[in-house]
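Participant: quick one, what's the 3D model for this:
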Amino acid sequence: MTIWPIIGALILFFLGVPCAFAMMMVCIPYFLMDPYISATVIAQKLLASCESQSLMAIPFFITAGAIMNYSGISEKLMEFADGLVGHLTGGLGHVNVLISTLMGGISGSGAADCAMECKVLVPEMLKYGYSKPYSAAITAATACITPIIPPGINLILFACMCECSVGRLLAAGYVPGLLLAVAFLVLNYVISKKRHYVGARKKMMPGKQLLRLFLQAAWALFLPFGLIMALRFGVCTATEGGVLMAFYSLFVGKFIYKKLDLKKLPQIMTEAVTSTAPVMLILCAANLFSYYMSWETIPSQLTQLLLNFTSNKYLFLLLCNILFLIVGCFMDAMAAMIVIAPLLAPVVRALGIDITHFGLMMCFNVGLAAITPPFGTYIFMVSGLLKMKTSEMIKEIWPFIAVAVAVLLLITYVPGFSTFIPNLMYGTN
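Facilitator: Model (predicted):
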C-alpha cells in the first residue's frame, strides 16, 4: 500500500497518460481510502502550489516571453547573430546556436526558441543547401541551451521546489550555457565542413554595420544582465523581476523597435495563459504527489537508502545523471524535475554537494531529455512544425546528444563551472 501510487504513476506514464493527470489519478484514490484524510485536504494540497508567491514568477516570465515574440526582439537578435557568424563555414548553423543562446536570456523557453527558429531560420538554411533533417536536428538540439541561460523557467522551478536562492541558480546558468553553445558551434563546424555547408555571406560584416546591429540588439541583450543584478542587489524579487521583464518587453517592442501592435495583446495573453496552464497543472499534481510521499516518509527513507548504498558524492552524481537521462526519455522533463528534485535535495545536502551546482546539473539534464528519443518534446515539436518524419531527424540528432552528454559530465565533475559566478556575486555558501 505504501508504494502502489508510485508504481501506478509509472505505469500511467509509460502508457502515455499526461503526467499531471497520472499523478492525480493515483493520489486521489490513495487519500480517499485513508480515514484520517478528508477530501477537503486533497483539494487544499492541489491548490496550494498556485498560492505560492515565489511561483508567481513563472506566469510573469512566460508572459514576458510571449510579448517578446511579438516585439521584434527576436528579429534584432537574429540579425546580430548573423552579423557575427553568418560568414563562417556552416554560418547559418552557427546562427542557430547563437540565437538560442541569446534567446535564453530573453524568453527562457526552449519551446518558444524552437517555434521561432522553425518559422524564421530553418527556411533560410534550406535555401542555402542545408538538409532538412540536419536543420531540424540542430534547431531542436540548440533549444536545450535556452532553459539554462537566465531567466530559464526550470531554474526558477528548481529553486522554489528545493528552497534555494533563485538569484544564485540563475547566475549559475551562464557558464554551462556558454560551454554547451561552444561545443555545438564546434560540432556544427565539423559537420558543415564535411558536407560543404556554406555561410549566408562570403565576407565578414564591416565593423560599423556590426556595431549598428549590436546597438539595436543591446536593448534585448541588457535584459538578463539587468535582471541578475536587480536580484543580487535586492532591487526586486524573482516575481517582481518577471513583472518588470513583461513591462520592459512592452516598452521596447512599442517605443524602441516599434514592432508591437497593441491590438495583438489579447492574442499574446491567450498564448501566455495556454503556456502557463500546463505548468501550473503539473505543479498542482506534483504538490499532491509530494504530500503523499511526505505522508509515507518516502524522502527520508530514500535518503537513508542512498546514504547506505554510497557515501561517495561523485558516484551519487553519476547515478543521478543516469536516473535523469532514463526518466527523461519517458516522462515530461518538467514533471520529472518537480517530482524528483525534492526527493533528492536532502541527500544532496547530506553529502555536502552544493545545491546550486546540483540544481544546474539537474536542469541541464532534464533539458537534454527534451531531445532524447523516443519521447523528446522538442523532437516532436520541430518535426511537427517542419512537417517531416521524426525518424529522419533522430538520425541527425545523435551527435548533438553525445556532445551534450560530454558537457553534462564536465559540469557534473567540475562544480566550478556552475558555482564560479554565483560565488563571485553572492559569496560562498
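
Participant: for this protein, give me the ranges with low pLDDT.
Facilitator: Counting by pLDDT under 70, the chain shows low-confidence ranges at 1, 49-50, 52-55, 104-112, 224, 299-300, 302-303, 328-335, 374-375, 429.

Participant: tell me the centre residue of it?
Facilitator: Nearest to the mean C-alpha position of the chain, counting by C-alpha atoms, centre = their mean, stands Pro147 at 2.6 Å.

Participant: can you pull out the helices in the stretch 251-400 of the chain?
Facilitator: Taking DSSP state H, counting those that start in this stretch as the criterion, the stretch 251-400 of the chain carries its helices at 265-295, 298-309, 313-330, 333-350, 355-369, 377-386, 390-413.

Participant: of all these, which lies closest to Gly129?
Facilitator: Nearest to Gly129 among these is helix 390-413; the distance by C-beta to C-beta comes to 15.1 Å. Backbone N, C-alpha and C define where each C-beta goes, glycine included.

Participant: list the buried residues of that closest one.
Facilitator: Across helix 390-413, burial judged by 16 or more other C-beta atoms under 10 Å covers 390, 392-394, 396-397, 399-401, 403-404, 407-408, 411-412.

Participant: what packs against that helix?
Facilitator: helix 132-142, helix 174-195, helix 313-330, helix 355-369, helix 377-386, helix 416-426 (3 or more C-beta pairs under 8 Å, 6 or more residues apart in numbering; DSSP states H and E).

Participant: now the helix or strand that the second one is followed by: how far from the chain's centre is it?
Facilitator: Reading on from helix 174-195 to the C-terminus, the next helix or strand found by DSSP states H and E is helix 207-232. Going by C-alpha atoms, centre = their mean, to the nearest Å, the spacing between the C-alpha centre of helix 207-232 and its chain's C-alpha centre is 21 Å.

Participant: and for stretch 126-135?
Facilitator: Counting by C-alpha atoms, centre = their mean, stretch 126-135 comes out at 26 Å from the chain centroid.

Participant: same deal with stretch 195-202?
Facilitator: A distance of 30 Å separates the centroid of the chain from that of stretch 195-202, by C-alpha atoms, centre = their mean.

Participant: follow-up on the earlier one: biggest separation within the buried residues of helix 390-413, which pair?
Facilitator: Every pair of the buried residues of helix 390-413 checked by C-beta to C-beta; the farthest is Glu392 and Thr412, at 31.7 Å.

Participant: tell me which of the helices of the stretch 251-400 of the chain sits most buried.
Facilitator: Of all these, helix 355-369 has the most neighbours on average by mean count of other C-beta atoms under 10 Å, namely a mean of 26.

Participant: now do that one: which elements does it pack against?
Facilitator: Where contact means 3+ C-beta pairs under 8 Å, 6+ apart, helix 355-369 is packed against helix 153-161, helix 166-172, helix 174-195, helix 313-330, helix 333-350, helix 390-413, helix 416-426.

Participant: mind running it again at 7 Å?
Facilitator: Packed against helix 355-369, as judged by 3 or more C-beta pairs under 7 Å, 6 or more residues apart in numbering; DSSP states H and E, are the following elements: helix 153-161, helix 166-172, helix 313-330, helix 333-350, helix 390-413, helix 416-426.

Participant: right, and these - which one's nearest Ala20?
Facilitator: When those are compared by C-beta to C-beta, helix 333-350 sits nearest Ala20, at 7.1 Å.

Participant: what's the closest one in contact with?
Facilitator: Here helix 333-350 makes contact (C-beta atoms under 7 Å, 6 or more residues apart in numbering) with 19, 154, 157-158, 161-162, 279, 282-283, 286, 289-290, 293, 299, 302-303, 306-307, 320, 327-328, 355, 358, 362, 366-367, 369-370.

Participant: just stretch 182-190 next, same as before
Facilitator: Thr89, Gly90, Gly93, His94, Val97, Ile138, Ala141, Thr142, Pro399, Phe400, Val403, Val407.

Participant: which secondary structure state is assigned to the first one?
Facilitator: In the three-state summary, Thr89 is assigned as coil, counting by DSSP: H, G, I helix; E, B strand; the rest coil.

Participant: my read is that it contacts Ser192, right?
Facilitator: Yes: the pair Thr89 / Ser192 is scored as a contact, 5.2 Å apart, by C-beta atoms under 7 Å.

Participant: okay, those two: which has more neighbours?
Facilitator: More neighbours surround Ser192 than the other of Thr89 and Ser192, with 22 against 16 (other C-beta atoms under 10 Å).

Participant: list the contacts of that one.
Facilitator: Shown in contact with Ser192 (C-beta under 7 Å, 6+ apart): Thr89, Gly90, Gly93.

Participant: now the last one. Nearest residue, chain neighbours left out?
Facilitator: Closest residue in space to Gly93, ignoring its immediate chain neighbours: Asn188 at 4.0 Å, by C-beta to C-beta, 6 or more residues apart in numbering.

Participant: what about the one you found, neighbour count?
Facilitator: Residues within reach of Asn188, counting by other C-beta under 10 Å, total 29.

Participant: residues in contact with Lys254?
Facilitator: Here Lys254 is in contact with Leu260, Leu262 (criterion: C-beta under 7 Å, 6+ apart).

Participant: can we see that at 10 Å?
Facilitator: Contacts for Lys254 (C-beta atoms under 10 Å, 6 or more residues apart in numbering) come out as Ile67, Ser71, Gly72, Leu260, Asp261, Leu262.

Participant: about what we covered before: show me the common contact partners of Thr89 and Ser192, please.
Facilitator: By C-beta under 10 Å, 6+ apart, the residues touching both Thr89 and Ser192 are Val198, Gly199.

Participant: quick one: end-to-end length of stretch 251-259, please.
Facilitator: Stretch 251-259 has an end-to-end distance of 11 Å (criterion: C-alpha to C-alpha, to the nearest Å).

Participant: report the buried residues of that stretch.
Facilitator: Using 16+ other C-beta under 10 Å as the test for burial, stretch 251-259 gives Val252, Gly253, Lys254, Ile256, Tyr257.

Participant: that older thread, how about the helices and strands packed on helix 390-413 in JSON lines, adding distance to Gly241?
Facilitator: JSON lines is the format used below for those (distance: least, C-beta to C-beta, whole Å):
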{"stretch": "helix 132-142", "distance to Gly241": "25"}
{"stretch": "helix 174-195", "distance to Gly241": "16"}
{"stretch": "helix 313-330", "distance to Gly241": "28"}
{"stretch": "helix 355-369", "distance to Gly241": "18"}
{"stretch": "helix 377-386", "distance to Gly241": "26"}
{"stretch": "helix 416-426", "distance to Gly241": "15"}
